[in-house]
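K.L.:
task: produce atomic coordinates for the following.
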Amino acid sequence: MRCSIATEMENPPPYLKELESCELCEWRCGVNRLAGELGVCRMTIPLVASCQLHPAPPQSYTIFLAGCNFRCLGCQNNIIAHYPDQEYAVLEGFLDPQLIARESLMMIRSPMGRLIGADRIFFSGGEPTIHLPYVEEVVRRAREIDPQAKVNFDTNGFMTKESLRRVLSFATSITFDIKAYSDEVHRAVTGAPVEPVLRNAEIVAREARDRLWEFRILVIPGIVDEEEVSAICEFIASIDPSLPVCFLAFRPNFALDKYWGAPLPLMEKCVEIAAKCGLENIHWSGHPGIRRLIKEEDLAPYEQKASKIYSRKGAVRAGALAMMAGCVTHPRSCGSCFNKHACALKKYQPVRWT
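P.N.:
Presented below is the predicted three-dimensional model:
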C-alpha cells in the first residue's frame, strides 16, 4: 500500500540532506526546504503528483513530480507544476523510492505496459530537477532490481552544471524543452533567463548525443513563431544538424487559456524553417488550430504597457499576457521578484483546458 505523508519530515532520509541548502537549479535559492523554507519552486520535500503508463514517445511508466522552477504562461500541467498554489491539486504525496521503483518496473512489464511498448521509467512534472536526489534514489532502487532499467529525464534545462552531470550519469534518454532563444522572450514566457538552458542544451548535444531523445519547441503564435523558431533552429544546427527536434503545437492552457492554438500552416512553416536552417531530423506533433477567446482590443492596452519594457515582438505579447494574468514584475524574473511567494500568476484559474 502506498503511504502519503505531509509536506514536511521529522526525520528525512540521508539522500535528501542537500535540500537543507537547495542549489539544484540555477535559481540557487539556498533555502532549507526540509525545514519548510521556500525558494522559487515553492516546494519542500519531493511529492509525486501521479504515476501512470504513458503512450507518448518514449513509451513509459511516467512519474509526475509536483512543482516547477519556471512559471510558464501556457503550462499544460499547471495544476501539478504550480502546486502548492493551485487549489485543485490532488497529489499522491511522498512515496517511498523503493516502492515506486518496484511498481514502475512491474507496470512496464505488465500486459498493458507491453501493449503500449513501455520500456523505461520517465520522470516529468513540473520539473524533476528540483527533486533530483529523490529521482536518483528511485533510479538506484530500480537498478538494484534490474541493472538494465531504462530512465528518461524530461527537463526545461534550467539546472546547474553540477545537476546536469548527475542527470547524465543515470539517464538513458533525455527530453529537453527549449522555450525560446532570445532572453527577452524566454523571460516573458517562463520568468527565467535563457542562458543556463542554452548552455545545458549544448552540453547535452555535444556530450550526450546518443541519449538525447529530442529537443522540444513549443510553437506559440505571435510569441514563439517564425522569428524565434528560426533562432532556436540555427542554434541547434550550429551544434549538430542531425539532432532530433520536435515542434509541439501550442494548445490554450493556464494563463494563455483564452489565447489561440498554433495553426496548421504555422506548424508546417516551422518544419520548413528548420529544414532551411539545415536540421535533418525534424517533425511536429499536437492538435493545431484551437480557436481564440481573447480579442485583440482587450489585449491592446497591456501590449502598449509591455512595449515600453520589452522590445521583441514575442516578448511584448507574452509580457502583456503575463500582466493580464497578474504578473507584477517586468521584465519577468521570478528569482528576484518581490512577490514570488504571493504570485497571482501561480494561482491563476483558467476558464478552459485543452
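
K.L.:
residue ranges with poor pLDDT in the stretch 201-350 of the chain?
P.N.:
For the stretch 201-350 of the chain, no stretch has pLDDT under 70.

K.L.:
where exactly do the strands run in it?
P.N.:
Remark: strands assigned in the stretch 201-350 of the chain by DSSP state E, counting those that start in this stretch are 212-219, 244-249, 281-285.

K.L.:
redo those strands as JSON lines? Include distance to residue 158.
P.N.:
Using the backbone N, CA and C atoms, a C-beta is placed for each residue, glycine as well. Putting the strands of the stretch 201-350 of the chain into JSON lines (distance: least, CB to CB, whole Å) gives the following:
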{"stretch": "strand 212-219", "distance to residue 158": "14"}
{"stretch": "strand 244-249", "distance to residue 158": "18"}
{"stretch": "strand 281-285", "distance to residue 158": "23"}
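
K.L.:
looking at those, which is nearest to residue 48?
P.N.:
Closest to residue 48 of the strands of the stretch 201-350 of the chain is strand 212-219 (CB to CB; 22.1 Å).

K.L.:
once you drop chain neighbours, what's closest to the most centrally placed residue in the chain?
P.N.:
For the chain, the residue sitting closest to the mean C-alpha position, by CA atoms, centre = their mean, is residue 156 at 4.3 Å. Counting by CB to CB, 6 or more residues apart in numbering, residue 156 lies nearest to residue 177, which is 5.0 Å off, once chain neighbours are set aside.

K.L.:
check residue 72 too.
P.N.:
residue 190 is the one closest to residue 72 (CB to CB, 6+ apart), at 5.0 Å.

K.L.:
what's the answer for residue 157, then?
P.N.:
residue 197 (3.9 Å).

K.L.:
in a helix, that neighbour, correct?
P.N.:
Yes: per DSSP: H, G, I helix; E, B strand; the rest coil, residue 197 lies within a helix segment.

K.L.:
surely it meets residue 164?
P.N.:
No: look at residue 197 against residue 164 with CB atoms under 8 Å: they stay out of range, at 10.8 Å.

K.L.:
ok so, going back, how far away is the residue nearest to residue 72 from residue 179?
P.N.:
Residue 190 sits 5 Å away from residue 179, going by CB to CB, to the nearest Å.

K.L.:
now for these two: what residues contact both?
P.N.:
70, 72, 156 (CB atoms under 8 Å, 6 or more residues apart in numbering).

K.L.:
out of the residues you listed, who's nearest residue 316?
P.N.:
residue 72 (17.3 Å).

K.L.:
mind listing what the closest one touches?
P.N.:
81, 179, 189-191, 254.

K.L.:
among those residues, who's most crowded?
P.N.:
residue 189 (30 neighbours; other CB atoms under 10 Å).
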